[in-house]
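*Asks:* Here is my input, please return the structure:
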Amino acid sequence: MKNAKYLILRRVVQASILFLFFAGNYYSWIVLKGDLSQSLLFGKIPLSDPYAVLQMFTAGAAISTDLLVGSAIIILFYGVLGGRAFCSWVCPVNIITDAANWTRRKLGFDMVGKRTPISRSVRYWVIVISLVISYFLGIAAFEFISPISMVHRGIIFGMGFGWATIAVLYLFDLFVLKNGWCGHICPLGASYSIIGKFRLLKVKHDSDVCTGCMRCKVVCPESQVLHMIDKESLPVLSGECTNCGRCIDVCEDNALGFFLKIQNSKKGEIDNEEDK
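*Replies:* Numbers count the residues shown, from 1 in each chain. This next block holds a predicted model:
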């Protein structure tokens, strides 16, 4: 293994965000207050989960200016730069599912290319279903049962039943379905896949130095996005990539790396700034 710099950096970012939420609610720090659905940065800048706001709108709730502005900021950041990075760099459930996948590999449960009984497109149908339920019940349906909210609020305000949520997610990903929650069911992750489809920050593959060892596909939570491995030099174009950087960490061939794609509309040229 080359190193684990992106894995370590992600854990630092996730822990820091959780601490700032905790400090904002317990010590009244103004850096970050609220939760992942709706928060306030530095006491002035609203941040809102676009999927949660969409559920509220579908349910018939009045949407305030702060919610609209907060959603626009999040959509702009993840749509232009981060892609689906929320799932791997912010969401606390990622720590649980990563732990389950690590355990799978240690126990020999992990098999690259193994067919799964649930299509990854199910998460997009969950979005549709949750919006339909929100419309008919007049509530933000997914927010009431979201494991993400349960875990996040549990960490900030006290776990309670949050421990049961953590156990269920861990055991589901470990024994039932690899990357089951994040990769097949979670509608929030699906919403960020749509938002981040045309992000600028992508992972690039260099087939000239790739030996086809497949270490990257073993650790990737969305291995289907690495379809070009051992075949051709292509960037990861799918919005389902979480930009977690694990594939880069484990690649001993130096065949993978982040790059910033900037399109010149006049010349049609692409400038790449690589970080391998």
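*Asks:* Going by C-alpha atoms from here, please, whenever you check contacts or count neighbours.
*Replies:* OK.
*Asks:* can you pull out the helices in the stretch 1-150 of the chain?
*Replies:* Using DSSP state H, counting those that start in this stretch, the helices found in the stretch 1-150 of the chain span residues 5-26, 50-58, 65-77, 85-89, 93-107, 122-137, 141-145, 147-157.
*Asks:* Of those, which is nearest G189?
*Replies:* helix 85-89 (6.3 Å; Cα to Cα).
*Asks:* Compute the mean per-residue pLDDT across the closest one, please.
*Replies:* Helix 85-89 carries an average pLDDT of 97.
*Asks:* Kindly spell out which helices and strands sit in contact with that helix.
*Replies:* Contacts defined by 3 or more Cα pairs under 8 Å, 6 or more residues apart in numbering; DSSP states H and E place helix 85-89 against helix 5-26.
*Asks:* Using the record's assignment, carve the chain into domains.
*Replies:* 5-194, 200-275 (automatic domain parsing).
*Asks:* could I get these as TSV with mean neighbour count?
*Replies:* What follows is the domains of the chain, written out as TSV (neighbours: other Cα atoms under 10 Å):
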stretch	mean neighbour count
domain 5-194	18
domain 200-275	18
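*Asks:* Going by mean pLDDT, which of those domains comes out lowest?
*Replies:* domain 200-275 has the lowest average pLDDT among the domains of the chain, namely a mean of 84.
*Asks:* Tell me how far that domain lies from the chain's centre.
*Replies:* 17 Å (Cα atoms, centre = their mean, to the nearest Å).
*Asks:* Report the contact partners of the residue lying closest to I195 once chain neighbours are set aside.
*Replies:* In this structure, I195 finds its nearest non-sequential neighbour in G79, 5.1 Å apart by Cα to Cα, 6 or more residues apart in numbering. Residues counted as contacts of G79 (Cα atoms under 8 Å, 6 or more residues apart in numbering) are 195-199.
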